[in-house]
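A.B. asks: predicted model and sequence below, questions to follow.
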Amino acid sequence: MSWLRRYAAELAVAVAVLVGSLFAVLNDGAKPAHHAAIGWVLTVLCCAALFFRRRYPLGVAGFALVCCALYYPLTDPDGLVLLAFAYVLYNAAAAGRIRGAALLVVAAMAGVTAGELGSRTGRHVDNFAFFLMTGWFVALVAGGAVAHYRAEAERTKEAEARARATDERLRIARELHDVLGHHLALINVQAGAALHRRDPGQAEEALGAIKDASKTALQELRATLGMLRGTGGPSLQRVAELAESVGASGLTVRTEIDGVARELPPDVEHAAFRVVQEALTNVAKHAGANTVVVRLGYGADELTVAVDDDGRGGAAPAGNGIRGMAERARALGGELTAAPREDGGYRVRARLPVR
């Protein structure tokens with residue numbers, strides 16, 4: 001049944017051509033058959049070629065035209081082989097072979113003209129039939145072209161929808177990674193410190209930092225979900241909170257501002273905040289640093305974000321953090337670099353255009 005559904009159109013045309021040809025032969029039985037065997041062979045071959053029209057649309061159309069060019073001059077039974085040619089002509093145009101289908105129309109009508117001019121028994125196709133056939137073929141090619149461009153438009157629309165869905169999934173993944181990764185990393189660091197501190201006072205201090213970090217994580221998660229619903233997002237005014245939360249793990253975090261701080265577009269502030277957050281998270285988890293400097297440079301048409309630490313440096317561990325920061329920068333038309341510093345430590349620098 002699946003085969004029947006797939007080739008239903010081809011089977012319908014093939015049956016129509018064969019039945020129509022048989023009907024024409026029966027109605028024309030008074031005349032002696034002339035090369036009837038050749039006519040039936042060409043009819044069957046043309047119908048059989050229909051089943052290859054999906055794989056070779058233009059080739060099958062050309063083959064059907066050759067069958068028509070041999071059928072009509074050589075045999076008397078006037079079957080419907082022309083119907084098969086019309087069907088594959090439309091199919092070729094609908095498959096995107098519009099120029100080739102148009103050339104086949106030109107070749108078909110040129111063949112009809114040459115046959116009429118060279119006929120010794122007078123004309124078989126009058127002017128009305130000639131122009132009617134030409135208009136029919138042109139309409140088939142035009143209809144196939146319209147179907148092709150509509151299908152292309154649908155495919156383009158579906159591809160754009162898939163791309164938007166993919167971008168949205170990546171955006172949500174980045175947000176959750178940045179929010180949860182930052183605070184969970186701080187909680188992990190503080191929990192490790194509490195386990196290794198024998199002084200109850202220091203352990204209590206670490207547990208207090210864990211409590212604050214978990215509370216902030218919940219607030220961040222709610223804010224992130226609100227931002228994903230289109231109700232706002234984090235801004236650079238909260239960089240001081242980031243510095244304070246990371247400082248609770250023992251790091252010294254300094255914030256420096258170059259230029260005149262001003263309000264920026266929400267998407268720029270959001271990206272800058274997440275870059276700072278992810279960079280500080282990586283320092284707390286991997287760098288083994290004592291001091292981190294966060295620099296925000298307010299230029300005329302761009303914002304620069306630099307996060308430098310005095311840790312061990314070296315190659316950054318593989319993960320989604322740097323990739324996510326780079327994606328945020330590229331989404332705004334900017335760029336991000338992350339590499340060890342020559343004098344030790346590590347630097348993350350982002351350039352975010354302000355439009």
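C.D. replies: Everything's here; your move.
A.B. asks: gap between the residue lying closest to Glu302 once chain neighbours are set aside and Ala289?
C.D. replies: Of all residues not flanking Glu302 in the chain, Pro353 sits nearest, at 5.0 Å (C-beta to C-beta, 6 or more residues apart in numbering). Heads up, the C-betas are built off the backbone N, CA and C, glycines and all. Counting by C-beta to C-beta, to the nearest Å, the gap from Pro353 to Ala289 is 30 Å.
A.B. asks: quick one: which of these two has more around it?
C.D. replies: Neighbour totals were compared for Pro353 and Ala289, and Ala289 leads with 21 against 15 (other C-beta atoms under 10 Å).
A.B. asks: ok, the more buried one to Asp301 distance?
C.D. replies: To Asp301, Ala289 is 32 Å away according to C-beta to C-beta.
A.B. asks: can you check Ser245 too?
C.D. replies: Distance of Ser245 to Asp301, computed by C-beta to C-beta: 31 Å.
A.B. asks: Asp308 too?
C.D. replies: Distance from Asp308 to Asp301, by C-beta to C-beta: 24 Å.
A.B. asks: please say which of Ser245 and Asp301 ends up with more neighbours.
C.D. replies: A count of neighbours by other C-beta under 10 Å puts Ser245 above the other of Ser245 and Asp301, at 21 against 7.
A.B. asks: need the contact list for Ala339.
C.D. replies: Tyr346, Arg347 (C-beta atoms under 8 Å, 6 or more residues apart in numbering).
A.B. asks: before we move on, what about Ala93?
C.D. replies: Counting by C-beta under 8 Å, 6+ apart, Ala93 touches Ala101, Leu140, Val141, Ala142, Gly143, Gly144, Ala145, Ala147, His148.
A.B. asks: now the buried members of those.
C.D. replies: For the contacts of Ala93, a burial check counting by 16 or more other C-beta atoms under 10 Å picks out Ala101, Leu140, Val141, Gly144, Ala145, His148.
A.B. asks: thought the fifth one was touching Ile98?
C.D. replies: Same thing as Ala145. Yes - contact criterion C-beta atoms under 8 Å: Ala145 and Ile98 qualify, at 4.8 Å.
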